[in-house]
Each structure stands twice: as C-alpha cells, then as structure tokens.
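Q: Below are the sequence and a predicted model; questions follow.
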Amino acid sequence: MKIRVDLGARGYDVHVGHGTRAQLASIIRERASRAKCAVIVTSPKLRALPWFDLVTGLETDVVEVPDGERAKTPETFVGLVETLAQRGLSRDDLVVAVGGGAITDLAGFAAASYLRGIDVLHVATSVAGQVDAAIGGKTGVNLVAGKNLLGAFHQPIAVVCDLDVLETLPPRDFRAGLGEVVKCALLEGLGAEELRLMSFEAQVELAISLKARVVSGDEREGSTRALLNYGHTLAHAMERASILQGHDDLRHGEAVAIGLAFAARLARALGRLDDAGVEVHDEMLASVQLPSRVPAQYDTADLLEAMSHDKKAHHDLTFVLAGPQGFSVVRGVDATLVRDELEHFRGES
Ligand SMILES: NC(=O)c1ccc[n+]([C@@H]2O[C@H](COP(=O)([O-])OP(=O)(O)OC[C@H]3O[C@@H](n4cnc5c(N)ncnc54)[C@H](O)[C@@H]3O)[C@@H](O)[C@H]2O)c1
C-alpha cells in the first residue's frame, strides 16, 4: 500500500507492506531519474542482517556509521558528509538511509546539508522508524544540551517500510516502537479494546496515515503537527537527563509511553480528563507491554528543569494534553502542579 504525504512538489509516498524493499530500484528510477550513484548509509549490525539484499539499480556504495543513537553526533554527521564528498556524490545523486530513526535522522541531515541538499530515500527498518521517524522530514543529530538540537527539515523522496525486516528487530525495540502507535491511537480517539483488536499491519497503517495527514497540513510544526508531540515533554526530559548522565537505558518509544501516562494524569489534575480517560492510557500501554512509570534513577527536580528547557516548550512548561474539545498544546502549566503530579505519579504502585 502507498500512503501519500501531500506536500505539493515535495510530496512523496510511504510504501508499506510485506516485501516492499524489492521495489526500491523502481521507486528510485521513478523518483530520482537523473541519479547515477547512491550511497547507502547504515550500521555494521544492520548490514549483516539477512534482509540486507537491497538493490538500488544505481552504482552503489555502502557507508557504515555507528549503530543506534551513537550515530546521532555532530562528529558522525561531519564524517558522513566528508565521505559523501570523497565519493564524489553530485546534486543529482542520492542518499539511501537504511535503519531505525537514528540512522534516518542522521542520513537525512547529511543529505539536507551536503551541496545544500540532495535527495534522500528512507528504508525504515524499525517500528519507530516506519510509523514515525522516517516520515515528515525532521532530520538531525544530538548536542550535549539536548536531543535533535542540530538539524533541518528535509523531506525524503520516498519512504520504504518493509514489514518483513521487522522480524530481526529485538523484542524490546519492537515493543518500544509501539509507544508511537499508542500515541496515534490515543490522538485518533481509539479505545484500548479497539487497538487490541487491530492487526499489527492495521496499527502501522493507522500511525503512518495520521502522521502523513498531519505533516501534509503543517509541515513545519506551526500548528497541528505539535500535537504529534503528545507524551514527548516528559519523554524528551528523560532523554536529556540520560544524555547528561551518560546512560542510555530508555528507548525513545518507552520514554514516550511513560510521557503519555504522565500527560493523562496532568490533564486529569487540570480537570481536562476523567479517571476513565487515564485508564484508557494505562490499558493501552499495558496491552503492548510498555512501561508507564518513571525509572528511579531520574530525579524529579532534574526532569522539571529539563522539561522547561524542552526546545518545543518556548521557555515555559508546555504539554500536549487531552481535553473535552480534543487534544491541544497547553502552555504555561504551573510548575508546582507539574512537580506534585510527577511526584504522585512516581509514587503510584
Ligand atoms: N525525525 C523524526 O521525526 C523522529 C521521530 C521519532 C523519533 N526520532 C528519532 O528516532 C530515534 C529512535 O528510533 P528507533 O527507535 O528506530 O531507534 P534506533 O534507530 O536507535 O534503533 C534501535 C536499534 O534497533 C536496531 N534495528 C533497527 N532496525 C532493525 C532491524 N530490522 N533488525 C534488527 N535491529 C534493528 C538498530 O540497529 C538499533 O540498534 C531517536 O533518535 C529519535 O530521536 C525521529
């Protein structure tokens, strides 16, 4: 199936299904007809997997970068664009990112910057990458001060989501990706039972369709795209604390899951959501076996500090919250209320 991200001349299809990687060469022929060379950016770990049988139809080099979040550093970014230059990639050529969200973020940013922007095609290989990271054109790397602080908007020419490659994904990473699926189900107003009854394919389609629709209407996050940050205020704070403390013990989707559970409680404390609404969040997260409590090593004061510095917070405490009229971005949430709710949330059994 093809799901369209409708951005006029910069629009593209997300090719979702079993075995879609076999279409790579024909998609490239159609979308990058002048390209002569492709550089596939991936990690050594992914390159060794059985599904790494990609055919681009072009002269192709494979460039390896560190695996996972370790790829998203300014140093790796500079190394990668130097490599693109050494390989003599021209404006008509193409970067093909093959990996999870970390690699598509890095390679997308390299493609956005090299020669002031060349084409990139994402072959998303993780659940989080397929339902979220590879779609929408946000690219970038991390700084010490926070995640994704150095980057650019750069839409891919196509996204390939082959569900078969997910078979090699470690169970924990598979589950973590479902954090974004739960987020989309909540934003779409689904109940826990409705989500449970959906096939995995239908869940992926739900999440991709929502992201494609929202990005089509608000590419640069001037309005509705911000709603996709549901659960992300606390999630980003935990990720920032992890970077500062030098550990990496939470997957992005796990952090989002915890952030969703907390956002529900905050909405309830503000009189925007009832107990049943909080329960829907908890049931959905439990049904996909995702954590919904802040791990002990995070300090409440550190998280509050990090939340007020979230790059999307505009210097006050900003959350996407459920409400009687649907979801909205709520700015200037009282810090004492957030601290008390966070403490209470942490104390829940
Ligand atoms: N650009 C965006 O809009 C956006 C949105 C959400 C998340 N992100 C970013 O995405 C990243 C998280 O993405 P992620 O969860 O995919 O993590 P990831 O890219 O770090 O991958 C997690 C692990 O899974 C492995 N992996 C990926 N595909 C595999 C497969 N098919 N088989 C076996 N192993 C596989 C990777 O090698 C890595 O070890 C974060 O950096 C986050 O900031 C970006």
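A: Received, thanks. Numbering: from 1, shown residues only.

Q: so where do the helices sit in the stretch 51-200 of the chain?
A: 74-86, 101-113, 127-128, 171-187, 192-197, 200-217 (DSSP state H, counting those that start in this stretch).

Q: close to the ligand, is the last one?
A: No: in this structure, helix 200-217 remains apart from the ligand according to C-beta under 6 Å from any ligand atom; the gap is never smaller than 8.4 Å. From N, CA and C alone the C-beta is placed, and that goes for glycine too.

Q: chain center to that helix, what's the gap?
A: Distance, stretch centre to chain centre, for helix 200-217: 13 Å (C-alpha atoms, centre = their mean, to the nearest Å).

Q: ditto for the shortest one
A: Taking the mean of its C-alpha atoms, helix 127-128 sits 7 Å from the chain's own mean (C-alpha atoms, centre = their mean).

Q: quick check: mean pLDDT across that helix?
A: Averaged over helix 127-128, pLDDT sits at 97.

Q: can you list contacts of that helix?
A: 100-101, 166, 169, 173-174, 176-181, 204, 251-253 (C-beta atoms under 8 Å, 6 or more residues apart in numbering).

Q: again with the longest one
A: Residues from elsewhere that reach helix 200-217 (C-beta under 8 Å, 6+ apart): 1, 3-7, 11, 14, 16-17, 127, 130-132, 135-137, 161, 163, 178, 180-181, 184-185, 187-188, 190, 195, 198, 224-225, 227-228.

Q: same thing but at 7 Å, please
A: Applying C-beta atoms under 7 Å, 6 or more residues apart in numbering, the contact partners of helix 200-217 are 1, 3-7, 14, 16, 130-132, 135-136, 163, 180-181, 184-185, 187-188, 224-225, 228.

Q: Only the buried members of those: can you turn that into a PyMOL selection?
A: The buried residues among the contacts of helix 200-217 can be selected in PyMOL (16 or more other C-beta atoms under 10 Å) with this line:
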select buried, resi 3+5+7+14+16+130+131+132+135+136+163+180+181+184+185+187+225+228
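
Q: related to what we said a few turns ago, can you say which of the helices of the stretch 51-200 of the chain is nearest to Ala145?
A: Distance to Ala145, taken as C-beta to C-beta, is lowest for helix 74-86 among those, at 11.7 Å.

Q: CA-only coordinates of that closest one, as PDB, when you get a sec.
A: Extracted C-alpha coordinates of helix 74-86, given in PDB (Å, rounded to 0.1, in the frame of the first residue of the first chain):
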ATOM      1  CA  PRO A  74      27.900  16.100  15.200                       C
ATOM      2  CA  GLU A  75      31.200  14.200  14.700                       C
ATOM      3  CA  THR A  76      29.500  11.400  12.800                       C
ATOM      4  CA  PHE A  77      27.500  13.900  10.800                       C
ATOM      5  CA  VAL A  78      30.700  15.700   9.700                       C
ATOM      6  CA  GLY A  79      32.400  12.400   9.000                       C
ATOM      7  CA  LEU A  80      29.400  11.300   6.800                       C
ATOM      8  CA  VAL A  81      29.300  14.500   4.700                       C
ATOM      9  CA  GLU A  82      33.100  14.200   4.200                       C
ATOM     10  CA  THR A  83      32.500  10.700   3.000                       C
ATOM     11  CA  LEU A  84      29.800  11.800   0.600                       C
ATOM     12  CA  ALA A  85      32.200  14.400  -0.800                       C
ATOM     13  CA  GLN A  86      35.000  11.900  -1.100                       C
END
